[in-house]
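give me coordinates for this.
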Amino acid sequence: MARRADPDARDRILDVASALFASRGIGAVGMAEVVHDAGCGKNLLYTHFPSKGDLVAAHLERFRRERDAAMDAAVTAAGDDPRAQLLALVRESGERVARPGFRGCPLRNFLTESPDVGGDGDMIARRFLADSRERLARLVARLGVAEPDVLTDRLALLVEGLYASAHDPRRAELGPAAVTFAEELVDAARAAA
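Numbering: from 1, shown residues only. Model (predicted):
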């Protein structure tokens, strides 16, 4: 009797791989471990993900889509004011980092773990970071400040600092502090314009 296709297999494999990558790092997880933990055969895994690089790229792309959706939702909920939208982006990052079990941004972790690996995963992670900075830059441009690049860089560094604090036991306190700091940065830039 022929096996029936499992329509959920790809997502199940990706869920298992993502959990393993988050807990131990991408480099420490082998394909055999993914096969074992996902309860699938090698053929099924390699049908959906012909290489570990393909699995990593799918993991990073899915996380990127989730992050983009969360940032879009934060900006939309903040209304039309660019100041409120910028603060919402910082707040959303701080809240994400403060979640129990948060072990860092997979995109940033990937670039830290494998800074020169190249390939699709590298492209996805670097494009996400560039697009995130561009998102900030578009909102800063709407503020009409004198030095928009300086403010954009400062806000981007603030968000990166939040992600760098993912393992700080006080990280839940850092999100509100980051929002207050972002308010001060934005208001000082507006006052100087």
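
quick check, central residue of the protein?
When the chain is reduced to its mean C-alpha position, the closest residue under Cα atoms, centre = their mean turns out to be residue 105, at 4.8 Å.

tell me the phi and psi of the nearest residue to it once chain neighbours are set aside?
Nearest non-adjacent residue to residue 105, counting by Cβ to Cβ, 6 or more residues apart in numbering: residue 163, 5.1 Å away. Heads up, the C-betas are built off the backbone N, CA and C, glycines and all. Dihedral pair for residue 163: phi -70, psi -30, per degrees, to the nearest 10.

relative to residue 133, how far out is residue 163?
Counting by Cβ to Cβ, to the nearest Å, the gap from residue 163 to residue 133 is 13 Å.

just residue 186 next, same as before
Counting by Cβ to Cβ, the gap from residue 186 to residue 133 is 16 Å.

who has more neighbours out of these two?
Neighbour count, other Cβ atoms under 10 Å: between residue 186 and residue 133, residue 186 has more, with 23 against 16.

doesn't residue 84 make contact with the more buried one?
No - with contact defined as Cβ atoms under 8 Å, residue 186 does not count as touching residue 84 (9.8 Å).

any idea where the helices of the protein begin and end?
For the chain, the helices defined by DSSP state H cover 9-24, 31-38, 42-48, 52-77, 82-98, 106-113, 119-143, 148-164, 171-192.

by how many degrees do the fourth one and helix 9-24 diverge?
For helix 52-77 and helix 9-24, the angle between their directions (axes from the mean of the first three to the mean of the last three Cα atoms, to 10 degrees) works out to 90 degrees.

ditto for the last one
Angle of helix 171-192 versus helix 9-24, following the same axes, to 10 degrees, is 90 degrees.

give me the mean pLDDT for helix 171-192.
For helix 171-192, the mean pLDDT works out to 95.

same thing with the shortest one?
Confidence for helix 42-48, expressed as mean pLDDT, is 93.

what's the offset of it from the middle of its chain?
Mean C-alpha position of helix 42-48 versus that of the full chain (Cα atoms, centre = their mean, to the nearest Å) differs by 27 Å.

restricting to C-alpha, output that helix in CSV.
The C-alpha coordinates for helix 42-48 follow below in CSV (Å, rounded to 0.1, in the frame of the first residue of the first chain):
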residue,chain,number,x,y,z
LYS,A,42,15.3,11.1,5.8
ASN,A,43,13.6,11.0,2.4
LEU,A,44,10.7,13.1,3.7
LEU,A,45,13.1,15.6,5.2
TYR,A,46,15.2,15.9,2.1
THR,A,47,12.1,16.1,-0.1
HIS,A,48,11.1,19.3,1.6
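
in it, what's buried?
Burial within helix 42-48, assessed by neighbour count using 16 or more other Cβ atoms under 10 Å, is assigned to 44-45, 48.

would you format those residues as TSV with distance to residue 171 included?
Formatted as TSV, the buried residues of helix 42-48 follow (distance: Cβ to Cβ, whole Å):
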residue	distance to residue 171
44	38
45	34
48	35
